[in-house]
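[1] Sequence below, structure please.
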Amino acid sequence: MEELSGLCVLLIAALSGALAAGDSVTQVNFTDGHSLTLNVTPSQTEPITNILWKFNGNLLAEWVLNQVPLELFGTFKERATLDTRNARLVVNSMTKADTGAYTVEINSKVHAESYDARWFRRLGTPEVVIRPLTCSAGSKTCNASCEADTDEAEPVTYSWKMGDNPWMVSKKVTEINQVKNVNDECITCRISNPVGVQVSAPIKNPFYVHPTPWWIIIIVVVLVVVVLVLVLVFLWKRKKNGDANKIVSTTPPPRESPSGPPSEEHPLKERDDNGAPATC
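    Numbers count the residues shown, from 1 in each chain. Model prediction:
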């Protein structure tokens, strides 16, 4: 128990010393083939007279004014450069083997800032996959999945673009439906990590409804107007003909001529030549 307590005291003391010295670690990210640039801000104002860079505790580069010419070590000989004016280190053709801690001493003093170089695998091109595979315009809801090989590439951020809308950060799988996405013709996804961005090819949205072309709308409107005009003309003519027939039906018929034959109901009595009634 006493040994454990002593160890805790030592750890606390070391941490306090590091914090007091203002030490900080800066994370820098890279992938295969990238260049790593480590810019240094000197903690002192006097001219730089000697520089010593280390990688994971091993010598990387050394230079001492008028004493030791610039020398690079190990795998960094052919692909690293050091600016002795400001201690900036550049390493080209980075690989996963270059992952680790980079530290520097300037004028024989350990610089307060160190660098944690982290390797990420280069992202491949993602692909949008609609699930279920039977998804169609008749479905209510489907899922769109942004498929990509992200092994050793995490953390990965997923974004979606629906139609002409702006990119929206979301999850690997996003929901699409016939109400929300009816106007989105295409679906695209994007993945990004600390060292790159890749965008998928757009795919057809199964819920997209093609808008009616403007010329078809104009033709339909013209046809509707023409039909309405013809109906109005027909009704107007029908009303006009009905009014004319009504006027003709209210006119009285003409009277018969009085010069017709005498009625046989009252025959004239026969008279003689003297005007007296004839007798038997």
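
[2] tally of neighbours for Val129?
    15 (other C-beta atoms under 10 Å). Just so you know, the C-beta spots here come from the backbone N, C-alpha and C atoms, and that holds for glycine as well.

[3] Name the residues of the one helix or strand it maps to that are buried.
    Assigned by DSSP states H and E, Val129 belongs to strand 127-131. Buried positions in strand 127-131, judged by neighbour count with 16 or more other C-beta atoms under 10 Å: Val128, Ile130.

[4] immediately after that strand, which helix or strand?
    strand 141-147.

[5] Just checking: what are the partner strands of that following strand?
    Here strand 141-147 has these sheet partners by DSSP bridges: strand 127-131 (antiparallel), strand 173-177 (antiparallel).

[6] Now distance to His111 too, for the ones you listed, in CSV please.
    Formatted as CSV, those follow (distance: least, C-beta to C-beta, whole Å):
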stretch, distance to His111
strand 127-131, 45
strand 173-177, 45
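
[7] can you list those strands in CSV and add distance to Val28 and mean pLDDT?
    As requested, the strands paired with strand 141-147 are arranged in CSV below (distance: least, C-beta to C-beta, whole Å; pLDDT from 0 to 100):
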stretch, distance to Val28, mean pLDDT
strand 127-131, 31, 97
strand 173-177, 32, 96
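
[8] of the ones you listed, which approaches Asn56 most closely?
    Asn56 sits nearest to strand 127-131 of all the strands paired with strand 141-147, at 38.1 Å, using C-beta to C-beta.

[9] now that closest one, how far from the chain's geometric center?
    Put simply, strand 127-131 sits 15 Å off its chain's centre (C-alpha atoms, centre = their mean, to the nearest Å).

[10] got it, and stretch 222-234?
    Worked out by C-alpha atoms, centre = their mean, stretch 222-234 lies 45 Å from the chain centre.

[11] And stretch 157-173, by the same measure?
    5 Å.

[12] hang on, the earlier thing: who touches the strand holding Val129?
    Defining contact as C-beta atoms under 8 Å, 6 or more residues apart in numbering, one finds that strand 127-131 is touched by 142-148, 176, 187-189, 200-203, 206.

[13] buried subset of those?
    Buried among those by 16+ other C-beta under 10 Å: Cys142, Ala144, Ser145, Cys146, Ala148, Ile176, Ile187, Thr188, Cys189, Ser200, Pro206.

[14] Of all the strands paired with strand 141-147, which one is nearest Tyr158?
    strand 173-177 (8.2 Å).

[15] buried ones in the closest one?
    Thr174, Ile176.

[16] Pull it out as CSV, backbone CA atoms only.
    Taking Å, rounded to 0.1, in the frame of the first residue of the first chain, the C-alpha atoms of strand 173-177 are listed here in CSV:
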residue,chain,number,x,y,z
VAL,A,173,-28.3,5.2,-42.8
THR,A,174,-30.9,7.8,-43.4
GLU,A,175,-34.7,7.4,-43.9
ILE,A,176,-36.5,8.4,-47.1
ASN,A,177,-40.2,8.4,-47.7
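
[17] Report the strands that pair with the helix or strand following that strand, each with its relative direction.
    The C-terminal neighbour of strand 173-177 among helices and strands, as given by DSSP H and E, is strand 186-193. Partners of strand 186-193 in the sheet, by DSSP bridges, are strand 157-162 (antiparallel), strand 196-199 (antiparallel), strand 203-204 (antiparallel).

[18] Could you identify the most distant pair in the buried ones among the contacts of strand 127-131?
    Checking those with C-beta to C-beta, the most distant pair is Ala148 and Pro206, at 21.3 Å.
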